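>>> Here is a sequence with its predicted model. Questions after.
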Amino acid sequence: MLDFLPLPEANVTTQHPSLTWDIFCQVIDNFGDVGVCWRTAAELVARGQQVRLWMDDASALQWMTPQPWPKGLSVHAWPALMVDIPAVVGDVVVEAFGCEIPQPFAFAIARKAEQGLPPVWINLEYLSAEDYVERCHRLPSRIMSGPAAGLTRWFFYPGFTSATGALVRELNLSQRQSRFAGERLQWRAAQGVQADECAVSLFCYEPTALPQFLEQTPTLNTRLLVTPGRATAAVQALPAAQSLNIQYLQPCPQPQFDEMLWACDLNLVRGEDSLVRAIWAGQPFVWHIYPQHDNAHHHKLNAFLDWLGAPESLVRFHRAWNGMTAPQTLPLLSREILAEWALCIRAGREKLALQTDLIEQLQAFVAEKS
Ligand SMILES: Cc1cn([C@H]2C[C@H](O)[C@@H](COP(=O)(O)OP(=O)(O)O[C@H]3O[C@@H](C)[C@H](O)[C@@H](O)[C@H]3O)O2)c(=O)[nH]c1=O
């Protein structure tokens, strides 16, 4: 079993006034939009802010969020009509991932601006390690048409360098990890992981190299923890799965999802939010990136691996896992390789932990633009 190293304590001391935030989230597919918006909203609330989360599909919150929801965070249906609009628009309006807020809300923003109180309007973008992120982070964009024409919206980019908005990191993350370090063995035993087994979590789409990966799992004495949905369907479609040590998991709230990543020796993650969580876990991981039609995700993946300074075996594994090279080129894993990956990933995590986290940067940005 690979050891688990909790993050050092975060050092955020700035006090910000309590503001009201309206965060808009439209679900494209999968769980990332919901997952990122919830984490952002919950951590703003943990830092004394009031948040209204406006969603066109909040169904995933049922299983993804811990209960009870924190005081100060409320979830609302997409405000398509004038009657849905709150009497007072928030001090900050956030459109997550370029989603467009509905017209009635844009009218309400315009009204507030006419009264001399325009909200700070932010477009919170997708995470990427590509160069454009540093160039575009904090850029203004003037709204050209519609009820809010003439107002300014600001681009805010999460990222991996100090010239970006960084990553969401909860103030209590290191504390939670330290507590979990003492419970880790119990957690593994409860999932049926034997002492000499290598625990691997699987949260993916349908990687073409999945059969090759399953074939090699006995060599590593693997216990595979498979998340529900697409990962489970992909594994169960393969006959080889029947003879392997596999645990099929139920959907769980985000804090328990994080614990799974802390407990495992290797995390196969996907999308955006679970990538960030795998980084904070500091355990070896492989990223199944969200696929785009024009293969733009290949460039995005390469940029991330460059930033990470990934060793050759980690690069080769990523390329095969993401269908950029033939599935047969998937490297054979060993405990030595995982130890090498852990060193690299922990060095990357250390760099990120020194940066001001995304929530603090957002709050400071709002203070600057108010
Ligand atoms: C399986 C599982 C997931 N989760 C959470 C963790 C994350 O917050 C969320 C999964 O989100 P992601 O890791 O981002 O992967 P995803 O593939 O679900 O979401 C994707 O959606 C696309 C629309 C975006 O463009 C992608 O960038 C990506 O965000 O689900 C749980 O909390 N419990 C669970 O049991």
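Structure received.

>>> So what's the residue count around Arg256?
Quick fix: residue 256 reads Gln, not Arg. 13 (other C-beta atoms under 10 Å). All C-beta spots, glycine's among them, are computed from the backbone N, C-alpha and C.

>>> from now on call the first residue 38
Noted, 38 is the first residue going forward, which turns the last one into Gln293.

>>> quick one: secondary structure of the residue lying closest to Ile283 once chain neighbours are set aside?
Of all residues not flanking Ile283 in the chain, Leu261 sits nearest, at 4.7 Å (C-beta to C-beta, 6 or more residues apart in numbering). On the three-state scheme (DSSP: H, G, I helix; E, B strand; the rest coil), Leu261 is labelled strand.

>>> now the closest residue to the ligand within the chain, nearest residue through space, not along the chain?
Of all residues in the chain, Gly69 sits closest to the ligand, at 1.7 Å by C-beta to the nearest ligand atom. In space, and not counting its chain neighbours, Gly69 is closest to Gly308: 4.2 Å by C-beta to C-beta, 6+ apart.

>>> That neighbour and Tyr327 touch, don't they?
Yes: with contact defined as C-beta atoms under 8 Å, Gly308 reaches Tyr327; the gap is 5.4 Å.

>>> what pLDDT does Trp58 get?
According to the prediction, Trp58 has pLDDT 98.

>>> tell me the contacts of it?
78, 81, 86-89, 127-131 (C-beta atoms under 8 Å, 6 or more residues apart in numbering).

>>> Around the ligand, pick out the residues from the stretch 138-287 of the chain.
Residues of the stretch 138-287 of the chain that fall close to the ligand, judged by C-beta under 6 Å from any ligand atom: 240, 264.

>>> make it 5 Å
Listed as neighbours of the ligand in the stretch 138-287 of the chain under the rule C-beta under 5 Å from any ligand atom: Thr264.

>>> Kindly report the same for the stretch 288-407 of the chain.
288-289, 291, 294, 307-311, 327.

>>> Tell me which two in these are the farthest apart.
Cys289 and Tyr327 (21.3 Å; C-beta to C-beta).

>>> Which residue, other than its chain neighbours, is closest to the residue sitting nearest the centre point of the chain?
Nearest to the centroid of the C-alpha atoms of the chain, with distances taken as C-alpha atoms, centre = their mean, sits Asp310, at 1.2 Å. Excluding the flanking residues, the one nearest Asp310 by C-beta to C-beta, 6+ apart is Gly72, at 4.0 Å.

>>> Same check on Arg84?
Nearest one to Arg84, counting by C-beta to C-beta, 6+ apart, is Ile396 at 6.3 Å.

>>> Now do the contacts for the one you found.
77, 80-81, 84, 205-206.

>>> Reformat the residues of the stretch 288-407 of the chain next to the ligand as JSON lines; add secondary structure and pLDDT.
Converted to JSON lines, these look like this (DSSP: H, G, I helix; E, B strand; the rest coil; pLDDT from 0 to 100):
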{"residue": "Pro288", "secondary structure": "coil", "pLDDT": "98"}
{"residue": "Cys289", "secondary structure": "coil", "pLDDT": "98"}
{"residue": "Gln291", "secondary structure": "helix", "pLDDT": "98"}
{"residue": "Phe294", "secondary structure": "helix", "pLDDT": "98"}
{"residue": "Arg307", "secondary structure": "strand", "pLDDT": "98"}
{"residue": "Gly308", "secondary structure": "coil", "pLDDT": "96"}
{"residue": "Glu309", "secondary structure": "coil", "pLDDT": "97"}
{"residue": "Asp310", "secondary structure": "helix", "pLDDT": "98"}
{"residue": "Ser311", "secondary structure": "helix", "pLDDT": "98"}
{"residue": "Tyr327", "secondary structure": "coil", "pLDDT": "95"}
